[in-house]
Structure formats: C-alpha cells, structure tokens
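A.B. asks: Below are the sequence and a predicted model; questions follow.
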2 protein chains.
Amino acid sequence: MKYSKQRELIQNTVLENRIHPTADDVYNMLKPIHTNLSLGTVYRNLNTLVENGTIIKISMPNGSDRYDGDLSKHDHMVCDQCGKVFDIKTEGLLNIVQKIENTTDFEVRDYQLMIHGLCHNCKESKG
Amino acid sequence: MKYSKQRELIQNTVLENRIHPTADDVYNMLKPIHTNLSLGTVYRNLNTLVENGTIIKISMPNGSDRYDGDLSKHDHMVCDQCGKVFDIKTEGLLNIVQKIENTTDFEVRDYQLMIHGLCHNCKESKG
DNA sequence: TCAATATTAATAACGGTTACTGTTATTAAT
DNA sequence: ATTAATAACAGTAACCGTTATTAATATTGA
C-alpha cells in the first residue's frame, strides 16, 4: 500500500524517536517544518498505523496515549515525576499470564504490565 | 474523620458492589433514590476515597476509570467484548517486578498487570 | 481527461473528568 | 442557642484528549 506524505512523516517520527511520543508530541515535532499539518491527521494516521501493526499504542493511566515503534513484546515503567516512559523486558511474565489463562476460562489476547515509580534522575534530584 | 451522607453512600456503593463500577455507574445506582445527588460529587468523593486509601482506582485502557473496594494487591482481566472486569491473583509477579527494580535503578512504587481477552460467556456466544 | 476514490486541513463535537460558583450543611467557640 | 468558620454540596461550565464532520485537495485508474 502506498502511503501519503503525511502518513510517512508520522510513521518515521514514531520510529525514529524512541521516546514513546504522544500524538501531540508527534504533531509538535512535525508542525514547525510541515506548517499545514493538522492534529486530526496525526491522530488518524497513528490509529491507522496501529491497525496496520506498524506501531503500537501504549495506554497511559493518567494522560495521553503514547506510541511506540518497538514491536517486540515488552512492557513499560513510567516515572511519576517527570513522566518519562522506559522499556522493560519482563522475562517470566508470559508464564504467569498463561497460568492464569489455564485456570480461569478466559481467552487471553494481550496483556500489559505498567510499573510506576521514580526514575534514576528524579530519585537523585529529590535528595 | 466524619463523612458526609453522600460520601458514605458513594463509599458503600463501591464496597458493596464488587463489579468495579465507574463513576457513572455509582451515580446511576444512587440517583434514583438520592435524586439530587450530583455527578461532580461522585467524582470528587471517589477521588477523596482513593486518596484516603479506602478504595482503589483502576485505569482502563479504553473507557472510564473503575473503582474497586478490594484493597488486597491484585490485578485485572477485562473482556474486550462485554467490558466486564475480573480480579486475578498474580502469584510471582512481585518477584518479576523486584528483579526489574534491582537491575534498573528505578524506584518502584506500584505496578499493574492488565489482561485483555474474551471471558467465558463471550467466548461461548461466539461459537 | 475525466471521474471515482482517498486523504487532507480545519474545525466542530464528543466523552470523561475537573473546576467554578453560589448555596447548604457541619463544626467549634462563644 | 448563636454565630462565625469551614467543609461539602448541586448545578453547571470548562477542560483535555480524541474522534467525527466537512469541504477542499490530491491520487488513481479508466
């Protein structure tokens, strides 16, 4: 499938900036150069890219959804102070989820672990 | 601390109805009898109760936050079809989280596992 | 070239939640 | 009991993130 100019820009922004950007982040990164880009276009294309399986969406407990170009199964830690999101590899989690599936009659399709706390920097700057 | 009539009603509704109600659920359960209850009051008191540690809030990826009177550490499965939320005990998850904390310089304050899929009923009614 | 289709920019609308405002209830001290 | 201070309320407006609408522009295929 052929992509529009805008969709390519949006896709590349997510893939090249591994900071788990929000839709607004993507918009603000592109807007200065692509001055007539619309926020609606960003949202629409991010959704399309998620449906395509090109990127994934991370639902954040408080605040905007974030997007991630890393398609490998992984989870996230979020710093409650600065809001930064960090990738984590959670060895063993799949086993736990499978055990739950085996004992509950629930058909698991996906799962996410979200860890909250303080990142290295914010821990230090608190003394 | 002494609670207002409304706050007691709201607290009891969450504690007695273990269906992980949304703010709107709580409102709709109380409104028929307490006809001049305000939705804003429900939100405000739910937040207060969460701050007090009387109930917990469950952030749902799509849709409204839900509230839970079960204070024991546990996680949730949500059915993508009917939206029902189920409690799960996740033995071993704490170990995984602790291992991450030990290897990452991140100070963990809390964590949640959310499983998505199909519940027993919805699995059956799909054939 | 032209019509059919897709995508866009701009903006309005939406759903969930929070903030504001004027009023009512509760508390503590006289 | 009366009053003054505080807290909580109902009602409603505002907010924020997101989605839907619309008219215009770009792309595709005959």
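C.D. replies: In hand now; what should we look at?
A.B. asks: Which neighbouring elements make contact with the longest strand along chain A?
C.D. replies: Looking across chain A with DSSP state E, the single longest strand is strand A:107-118. Packing partners of strand A:107-118 (3 or more C-beta pairs under 8 Å, 6 or more residues apart in numbering or on different chains; DSSP states H and E): strand A:75-79, helix A:93-104, helix B:93-104, strand B:107-118. C-beta coordinates here come from the backbone N, C-alpha and C atoms, glycine included.
A.B. asks: Show residues contacting the first one.
C.D. replies: So that's strand A:75-79. A:20, A:58, A:60-61, A:84-90, A:93, A:112-119, A:122, B:100, B:104, B:106, B:108 (C-beta atoms under 8 Å, 6 or more residues apart in numbering or on different chains).
A.B. asks: Could you turn the buried ones of the residues you listed into a ChimeraX selection?
C.D. replies: The following ChimeraX line selects those of these that are buried, judged by 16 or more other C-beta atoms under 10 Å in any protein chain shown:
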select /A:20,58,60,61,85,86,88,90,93,112,113,114,115,116,117,118,119,122 /B:100,104,106,108
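A.B. asks: overlap between the contacts of strand A:75-79 and the residues near DNA strand D?
C.D. replies: Residues of the contacts of strand A:75-79 in contact with DNA strand D (C-beta under 7 Å from any atom of the strand): none.
A.B. asks: quick revisit: got the helices and strands packed on strand A:107-118 as a markdown table, with mean pLDDT and distance to residue B:12 columns?
C.D. replies: Below are the helices and strands packed on strand A:107-118 laid out as a markdown table (pLDDT from 0 to 100; distance: least, C-beta to C-beta, whole Å):
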| stretch | mean pLDDT | distance to residue B:12 |
| --- | --- | --- |
| strand A:75-79 | 97 | 33 |
| helix A:93-104 | 97 | 29 |
| helix B:93-104 | 97 | 31 |
| strand B:107-118 | 97 | 25 |
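A.B. asks: Dump these into JSON lines; add distance to residue A:42 as well.
C.D. replies: Formatted as JSON lines, those follow (distance: least, C-beta to C-beta, whole Å):
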{"stretch": "strand A:75-79", "distance to residue A:42": "21"}
{"stretch": "helix A:93-104", "distance to residue A:42": "32"}
{"stretch": "helix B:93-104", "distance to residue A:42": "31"}
{"stretch": "strand B:107-118", "distance to residue A:42": "25"}
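A.B. asks: Let me know which of those is the nearest to residue B:48.
C.D. replies: Residue B:48 lies closest to strand B:107-118 among these, at 19.1 Å (C-beta to C-beta).
A.B. asks: Using CSV, list the CA coordinates for the closest one.
C.D. replies: The C-alpha trace of strand B:107-118 is given here as CSV (Å, rounded to 0.1, in the frame of the first residue of the first chain):
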residue,chain,number,x,y,z
GLU,B,107,12.3,3.0,42.4
VAL,B,108,9.1,1.0,42.1
ARG,B,109,6.0,2.4,43.8
ASP,B,110,3.3,0.4,42.2
TYR,B,111,2.5,-1.8,39.3
GLN,B,112,-0.5,-3.2,37.5
LEU,B,113,-1.0,-6.1,35.1
MET,B,114,-3.9,-5.8,32.8
ILE,B,115,-5.0,-8.8,30.7
HIS,B,116,-7.3,-8.4,27.7
GLY,B,117,-9.3,-11.1,26.0
LEU,B,118,-12.6,-12.9,26.0
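A.B. asks: starting at the chain centroid, how far to that strand?
C.D. replies: 12 Å (C-alpha atoms, centre = their mean, to the nearest Å).
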